[in-house]
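A.B. asks: quick one, fold the following:
(2 chains)
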Amino acid sequence: MVYSAPRGTKDIFGEEAKIRHFLDTKAREIFARWNYQEISTPIFEEVNLFTRSVGETTDIVEKEMYVFKDKRERLLALRPEGTAPVVRAAIENALISPGKISKFFYSGPFYRYERPQAGRQREFYQIGVEFFGSVSPYADFEVLSLAVEYFHNLGLKEYNLFLNNLGCPNCRPEYRKALKDYLVQLPHSPTATSQLCADCQRRIEKNPLRVLDCKIDSKNIHGRIPLIKDYVCESCNKHFQELLALLTENKISYQIDPYLVRGIDYYTRTIFEFKNSVPGSNAGLERFSSGSQDTFAAGGRYDNLVKELGGEDIPAVGWAIGVERLIKQLSKEFISQELRAKSQEQLIYLATIGEKARKEGLKIVQTLRGAGFTVETGLYEEKSLKAQMREADGLKAKYVLILGEDELNRKVTTLRDMQTKEQKEIKLDNLPSELKKI
RNA sequence: GUGACUGUAGCUCAAUCGGUCAGAGCACUUGGCUGUGGCCCAAGUGGUUGCGGGUUCGAGUCCCGUCAGUCACCCCA
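C.D. replies: Next up is the predicted model:
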């Protein structure tokens, strides 16, 4: 083997290709009913789009982006996430405006330079939705219930929804300050009981909110550290409470996780994560348990991003699903059932004997495929009938058409039902319509 | 970026203390069955043991490097 796929990428084929196609099809089907419009944005964008939106000090921007210059020295990046490009496209094409509801979905590859491991690749796929134009908790509720509806249609049950309220530019700075003040006064000597890990000491200045979901320090600081819920302003709190009420009324179960934060700067108010909860596997209700890539979908509200990227003041909320992670959650039984239901399993295999039959067989194959039949044939290579029958069996063909000199002279073909082993002759004239009768 | 483990036919795996150890099963091809699949039987194709160095009389086995995979950290969907 001379070449291999670049680190963190992989080829998608066979069963996995079918599953992914199924996930996409189902998403399109459901999202269309909820009136979400599909949007595809470029794989690469100007670097600034991401540094402005995702945040200059986030790891995504600082160390995970694939950045390159094109021949005109334009600084570009492979897209590391989907929201900023959609917002850019929505502004640029005037797809959104204040007071108007616009809803989009996308599905495609994203790129982050990370060390690969289970559920984490350098090229990964996300399916996401973005809901523009409403500050109402009803919009938050809609995108959440859309995710729940989608998961339900995929037979996915073993998951939990975690929510938190991050506040807004009015109230978050105050909290940030309180948090920092708390963290700074903690003793930092190695012997101190409430010492923070090296990462968190760096985070104090850079991104103090991230200390909250640190796996190492959680047991020391939880219960003592200031929480944002005690600092959010009245309107942020009201928004969150209304959303929770909607979820409860509509029987969508959730848990509030006061330590939940995001690694992207543009979120305001509502943030959420869907995590798996299969007992015995990784994660679940037990946060901070080992086994990390258990969040298979996440998102939140971003009321200021459109404005920050040069658009008007338009609030929005959305989420993204990590496709590879979603696939890990799915029940094999459910999916293979769905796939079986879709595959027609009506393959017809044409076997020929002799050169004349081969030439004639080629025409028959063309005709049948043109008439809508799924056809494979053994005439590409000279093969014994036995070899062709074996191949047909391996392909799980439902019928085999046999064409030899004998049949050719009498203008018929032998039809064999591979399950019942019954054989009968069919006239070559009007073969498609004859076949449709069986 | 850090740490740990792993790398032998297409796949799953064997090979004692470094010494005919480069093998098995499955898959594939062919034959047994001159125009008929699955089961059975037989034969055959297929590997510079990830790659590159080193130690040694001798390396799949030991050492170093490198690439890749897996897992954890970091981070995130």
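
A.B. asks: C-alpha from now on. contacts and neighbour counts both.
C.D. replies: Fine.

A.B. asks: closest residue of the stretch 151-300 of chain A to RNA strand B?
C.D. replies: Nearest to RNA strand B in the stretch 151-300 of chain A, going by C-alpha to the nearest atom of the strand, is A:G263, at a distance of 2.5 Å.

A.B. asks: just the element for that residue, please.
C.D. replies: Assigned by DSSP states H and E, A:G263 belongs to no helix or strand.

A.B. asks: then the one 10 residues further on?
C.D. replies: With secondary structure defined by DSSP H and E, A:E273 is part of strand A:268-276.

A.B. asks: tell me how far that strand lies from the chain's centre.
C.D. replies: Centroid separation between strand A:268-276 and its chain, computed with C-alpha atoms, centre = their mean, to the nearest Å, is 16 Å.

A.B. asks: same check, this time on stretch A:18-26
C.D. replies: With C-alpha atoms, centre = their mean, you get 10 Å for stretch A:18-26.

A.B. asks: also stretch A:322-332?
C.D. replies: 9 Å.

A.B. asks: wait, isn't the residue of the stretch 151-300 of chain A closest to RNA strand B in contact with A:T58?
C.D. replies: Yes - using C-alpha atoms under 8 Å, A:G263 is in contact with A:T58, at 6.5 Å.

A.B. asks: quick revisit: count the residues that sit near the residue of the stretch 151-300 of chain A closest to RNA strand B.
C.D. replies: 15 (other C-alpha atoms under 10 Å).

A.B. asks: any idea how far it is from A:Y106?
C.D. replies: 21 Å (C-alpha to C-alpha, to the nearest Å).

A.B. asks: who in the stretch 251-400 of chain A is up against RNA strand B?
C.D. replies: A:262-264, A:273, A:282, A:290-293, A:295-299, A:320-325, A:353, A:383-387, A:389-394, A:396 (C-alpha under 7 Å from any atom of the strand).

A.B. asks: let me fix that: the stretch 1-150 of chain A
C.D. replies: So far as C-alpha under 7 Å from any atom of the strand goes, the stretch 1-150 of chain A lies against RNA strand B at A:1, A:4, A:6-9, A:58-60, A:112, A:114-122, A:124-126.

A.B. asks: among the residues of the stretch 251-400 of chain A next to RNA strand B, name the buried ones.
C.D. replies: Neighbour-count burial (16 or more other C-alpha atoms under 10 Å) applied to those gives A:262, A:264, A:273, A:282, A:293, A:295-299, A:320-325, A:353, A:385, A:389, A:391-393, A:396.

A.B. asks: mind showing which ranges of the stretch 301-438 of chain A have poor pLDDT?
C.D. replies: Per-residue confidence for the stretch 301-438 of chain A (pLDDT under 70) gives these ranges: A:341-345.

A.B. asks: strands of that one, residue ranges please.
C.D. replies: Assigned by DSSP state E, counting those that start in this stretch, the stretch 301-438 of chain A shows strands spanning A:316-322, A:348-352, A:375-377, A:399-403, A:412-417, A:423-427.

A.B. asks: and those strands, which is most packed in?
C.D. replies: Mean neighbours per residue, mean count of other C-alpha atoms under 10 Å, is largest over the strands of the stretch 301-438 of chain A for strand A:348-352, with a mean of 27.

A.B. asks: now for whichever residue of the stretch 51-200 of chain A sits closest to RNA strand B: which residues touch it?
C.D. replies: In the stretch 51-200 of chain A, the residue that lies nearest RNA strand B is A:A118 (3.0 Å; C-alpha to the nearest atom of the strand). Contact partners of A:A118, counting by C-alpha atoms under 8 Å, 6 or more residues apart in numbering, are A:Q293.

A.B. asks: which helix in chain A has the most residues?
C.D. replies: The longest helix of chain A (DSSP state H) is helix A:14-33.

A.B. asks: about what we covered before: which among the residues of the stretch 1-150 of chain A next to RNA strand B end up buried?
C.D. replies: So, by 16+ other C-alpha under 10 Å, the buried ones in these are A:G8, A:T58, A:I60, A:R112, A:E114, A:G119, A:R120, A:Q121, A:R122, A:F124, A:Y125, A:Q126.

A.B. asks: is the first one in a helix, a strand, or coil?
C.D. replies: Right, A:G8. For A:G8, the secondary-structure state derived from DSSP: H, G, I helix; E, B strand; the rest coil is coil.

A.B. asks: show me what contacts it?
C.D. replies: Counted by C-alpha under 8 Å, 6+ apart, A:G8 has contacts A:E114, A:R115, A:P116, A:R120, A:Q121, A:R122, A:E123.

A.B. asks: need phi/psi at it.
C.D. replies: Per-residue torsions, A:G8: phi 80, psi 0 (degrees, to the nearest 10).

A.B. asks: with the last one instead?
C.D. replies: Dihedral angles phi and psi of A:Q126 (degrees, to the nearest 10) take the values phi -130, psi 150.

A.B. asks: so what's it closest to, chain neighbours aside?
C.D. replies: Leaving aside its sequence neighbours, A:Q126 sits nearest to A:G322 (C-alpha to C-alpha, 6 or more residues apart in numbering; 4.8 Å).

A.B. asks: could you dump stretch A:159-175 to PDB, C-alpha only?
C.D. replies: Extracted C-alpha coordinates of stretch A:159-175, given in PDB (Å, rounded to 0.1, in the frame of the first residue of the first chain):
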ATOM      1  CA  TYR A 159     -29.900  10.200  25.500                       C
ATOM      2  CA  ASN A 160     -30.200  13.200  27.900                       C
ATOM      3  CA  LEU A 161     -30.700  16.800  27.100                       C
ATOM      4  CA  PHE A 162     -28.700  19.200  29.300                       C
ATOM      5  CA  LEU A 163     -29.400  22.900  29.400                       C
ATOM      6  CA  ASN A 164     -27.900  26.000  30.800                       C
ATOM      7  CA  ASN A 165     -28.400  29.800  30.600                       C
ATOM      8  CA  LEU A 166     -25.300  31.800  29.700                       C
ATOM      9  CA  GLY A 167     -26.800  35.200  30.000                       C
ATOM     10  CA  CYS A 168     -26.300  38.100  27.700                       C
ATOM     11  CA  PRO A 169     -23.900  41.000  27.300                       C
ATOM     12  CA  ASN A 170     -25.800  42.900  30.000                       C
ATOM     13  CA  CYS A 171     -25.300  40.300  32.700                       C
ATOM     14  CA  ARG A 172     -22.500  38.000  31.700                       C
ATOM     15  CA  PRO A 173     -19.700  40.500  32.300                       C
ATOM     16  CA  GLU A 174     -20.700  40.900  35.900                       C
ATOM     17  CA  TYR A 175     -20.700  37.200  36.300                       C
END
